[in-house]
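**Student:** The sequence and its predicted three-dimensional model are supplied below.
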Amino acid sequence: MLPATLLELISQRISASAPAVQVRYHALGRARSLHQLALQHAPPVGHTPEIQLLKTPHRGGEKNAQGHDLRTARQAEVHAQIVSEFEARIAALQSMGPLLKTNEEIESPSHYEEAQLRDIYQDLLAFPEEATSNHKISKSDTTVAPSSIQIIESLEARLSAFETTIAPLPNSSLSAQLQAERVRTVPGDQESDLVPLQPGTSPLSSRLRSIINRLGTFFDKWTANMVTETTATPLGLISTSEWDYLLKACLEVNDTLASERVLAVMKRSGMAPSDEQYDIPLDWYAVNGMVEQADTYFSRLNIDVPRDRQRDLCIKARVKAGRLDDACALIHSLEAQATPAPMQSYTRVIQALLRQSGPGSELLKAQAWDMFSHMRYVAHAIPDEFMYSVMIRSIAESSDPEAERALDLFTEMTVDHGITPTNFSYNAVILVCARSKNMKLEAFRLAREMLTAHRNAFGETPSRLRPDKYTFIALLDAAKRMGDLPRTRWILAQMVQEARNPRGIGTRCIDSRVMKHVFQSYASYRPPFRKNVLTERLSTENKLPEEENAQPEMLIPPSSDTSVQATRRPRSYTPQTHQEVIKEATRLWERVLEDQPSGQPRDGDRRPVFSNVTLNTDLANAYMAVFFAHSPPEASFKVFGEVYDSLDIPRNAESYILALTTYTNGKRSTKSELRTALDLARGVWDSWLRLESSGVAQMSLAQPKSTVVDARLVEKAWVGMLRLLTLNGRLDEAVELLRRFVERYPPALVKQASPPHPMRSPRVILYADRPLVRLTERSSVPEDRITPFLTFVDIELLHQRAVAMRRHKHIAYITWVGRAYEGSLRKRRDETFKSVYKKSPETTT
């Protein structure tokens, strides 16, 4: 049955329309309503006579024999027809049965299984890339490309066959002569006729040039013999992919002239080169840093307005050539022409500025931040995800990373602009938090967010957010700085598990950088010796079976045959003494040496976990830091002499600084240990002086960071030796060493200010060929071009011992050294900031 309310509404509407039938026809409003009602229920075939009557104008006097008005009768007939139609519809609805559920059915809750809920939310939580990842590989993707010799031989055979179809003499008709004249003046060719290329320097180059010459001659003859004006390429002679092959093959043999000639021959054939084909030679110039060839490429090919991609390649050529100032100048020149470079060009230049190392690199990093703010002001207001990640990553390279600044950029990218983050951007912000002073735990929170906040209905993390090697390195960096050895062991165990997993990131994730952080974690760990824990562990080990006791106490499998489940053993205790730390680190180092690749095949199919670890100086320094932090001087210097020599690893500046400063930087050391450390450090000091003399002479911006002895490292080495002599009571030797330092690095060298960078002018203007908006002030840029110097804090211990021993001459000289360097630094600051130092009233009186 129909609801009572619906039946009542229908009856009211029918009864409301009945009095309207008796109203006179001159009531226009009621007539219109009847007219619309009749049209609404008209038959689909056409107009009925009754509806047509309503449209007919009033003709007074139309009556039947009884004198009644015909209009009233016909309107009553229409009303009857409408009522009958409503009754038919009501009957049809009643035959359908009840449409609404009862109250019990409405109130009863529906039950969904877990699989049904997963199907409901599967599309809602699906990864964005899954919509485009399910594509079938076409046959062209699986076919093997022919070799170069096959392509060349095929081209030569087809060219020989087509050359026989050309008449030896050109057509002498007027149309043929005009057509040949038009071909000689094809736009884009500097020469009226293409001069044949000379044979190349190699057999392949000579063969390619021969094909290009034959193609040019063939198209000239083909065009001269054509009757029509078209110069289309003969079908079947050469395909588009073969044109691409000729371009790339000429560049592979360093024949740039032949590659540009290929483009000219394509124009002669009537096939206009595509934009991608135009970019092939230009990209080759950019990769090889050929700036002049890239700039003149447009004039040689008559390209009036370069595209964004071509402008980016010109900037790329300058970056590859190391001409960063020219690249910045070109970017600002394009901005002045109202054709700004694409964002990729800004990213390329900023990355090159941030990668610089050595003296003066801090100023270039400040310029990179200025370029970033300038780009957002004049060209691209909203950077992309890669640009944001690059800038966040650069914050981690500073001496004091500002985690708040990195988090602000990350929030601006993800929340304000709605840019989807990737593991690259997450790794950048995690690394900044890991290296900051107070937000190391925030790094682990961000890593947890990366893994759990973007899962789909099946609990899977998208591939763009899966942790990689750099994620683990950032977390290891945080654990190392916290001195959290248990967390470091857990992260390494997870990496081992990923290396064993066929779907994991593989064994390549565990390299020398990872193991360097692991050994540094052992060095920074301070074991809290607790006798009850040690006693409990010893009693537990005695109760274990013999085969259990044979396993080491580490989280790392002792051999390649051990299963991954061994990394989850519940009895992995944290080392409680310095000896246990040394023992565990030594086992790990031996395992790294054992897994080094050798010529002999290993048993089993599994690749060793540490097979991708390269033995270098940084890794050896990290291993040596464990001994210098947890063992006495005799054992430390013994291993210091064996590790590098046995593995033929060279020592760098950090190796010697580690040996000279470990026992003087607050480490608990007895008098006997200090005497032993001084005796052993004397031999290391001579090697350091030789390295310092060679490294300081090579200080320049072009030198790699590994070969340059930084001025701050020089200061650390000299201060370490001074403190070691002072703590052993050798005051005269310490003062004499201080005199040698002053003679080698006099205070007068500190006064020489560095020249200002032209791109960082302090003048505020609204239009210039330099960044207009700066994010770094001059006072916030670290000065890394100052020669080595000493402050009073560095020689304060020596001054105190001289005062205690009443050495007045030594006191006066030490005081003069501190004030001399302080005054030189002040004058350098005044010259840099162009400000005059004003003395206080206390100093003038």
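**Tutor:** Cool, the structure landed. None of the values given here were measured: they were computed from a predicted structure.
**Student:** Buried residues, stretch 338-355. List them.
**Tutor:** 340-354 (16 or more other Cβ atoms under 10 Å). The C-beta positions use only the backbone N, C-alpha and C, and glycine is treated the same way.
**Student:** What is the nearest of those residues to residue 573?
**Tutor:** When the buried residues of stretch 338-355 are compared for distance to residue 573 (Cβ to Cβ), residue 354 wins out at 43.2 Å.
**Student:** ok, that closest one touching residue 366?
**Tutor:** No - Residue 354 sits out of contact with residue 366 when judged by Cβ atoms under 8 Å, with a separation of 10.4 Å.
**Student:** just checking, residue 817 is part of a helix?
**Tutor:** Yes - the assignment for residue 817 (DSSP: H, G, I helix; E, B strand; the rest coil) places it in a helix.
**Student:** Give me the three-state assignment for the closest residue to it other than its chain neighbours.
**Tutor:** Excluding the flanking residues, the one nearest residue 817 by Cβ to Cβ, 6 or more residues apart in numbering is residue 742, at 6.1 Å. Recorded secondary structure, residue 742: helix (three-state DSSP).
**Student:** if we can go back for a sec, from the buried residues of stretch 338-355, which land in helices?
**Tutor:** Within the buried residues of stretch 338-355, residues falling in helices by DSSP state H are 343-354.
**Student:** Turn these into CSV, columns for pLDDT.
**Tutor:** Output for these, formatted as CSV (pLDDT from 0 to 100):
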residue, pLDDT
343, 95
344, 95
345, 96
346, 96
347, 96
348, 96
349, 95
350, 95
351, 95
352, 94
353, 93
354, 93
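**Student:** would a markdown table of these with distance to residue 622 be doable?
**Tutor:** Listed next are those as a markdown table, based on distance: Cβ to Cβ, whole Å:
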| residue | distance to residue 622 |
| --- | --- |
| 343 | 39 |
| 344 | 37 |
| 345 | 39 |
| 346 | 37 |
| 347 | 33 |
| 348 | 33 |
| 349 | 34 |
| 350 | 31 |
| 351 | 28 |
| 352 | 30 |
| 353 | 30 |
| 354 | 25 |
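**Student:** Please write out the alpha-carbon positions of stretch 498-517 in PDB.
**Tutor:** Extracted C-alpha coordinates of stretch 498-517, given in PDB (Å, rounded to 0.1, in the frame of the first residue of the first chain):
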ATOM      1  CA  GLU A 498      66.200  -5.600   4.800                       C
ATOM      2  CA  ALA A 499      69.400  -6.800   3.100                       C
ATOM      3  CA  ARG A 500      68.300 -10.400   3.600                       C
ATOM      4  CA  ASN A 501      64.800  -9.700   2.300                       C
ATOM      5  CA  PRO A 502      64.400 -10.300  -1.400                       C
ATOM      6  CA  ARG A 503      62.000  -7.400  -1.600                       C
ATOM      7  CA  GLY A 504      64.200  -5.200   0.600                       C
ATOM      8  CA  ILE A 505      66.700  -2.500  -0.300                       C
ATOM      9  CA  GLY A 506      69.500  -5.100  -0.800                       C
ATOM     10  CA  THR A 507      73.000  -5.500   0.600                       C
ATOM     11  CA  ARG A 508      74.100  -2.300  -1.100                       C
ATOM     12  CA  CYS A 509      72.400  -0.300   1.600                       C
ATOM     13  CA  ILE A 510      75.100  -1.300   4.100                       C
ATOM     14  CA  ASP A 511      78.200   0.600   3.000                       C
ATOM     15  CA  SER A 512      81.100   2.400   4.500                       C
ATOM     16  CA  ARG A 513      79.000   5.500   5.500                       C
ATOM     17  CA  VAL A 514      76.600   3.300   7.500                       C
ATOM     18  CA  MET A 515      79.400   1.400   9.300                       C
ATOM     19  CA  LYS A 516      81.200   4.700  10.000                       C
ATOM     20  CA  HIS A 517      78.100   5.900  12.000                       C
END
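**Student:** any low-confidence regions in the stretch 1-150 of the chain?
**Tutor:** 1-73, 78, 93-147 (pLDDT under 70).
**Student:** So what would you say the end-to-end distance of stretch 350-368 is?
**Tutor:** End-to-end span of stretch 350-368 (Cα to Cα, to the nearest Å): 5 Å.
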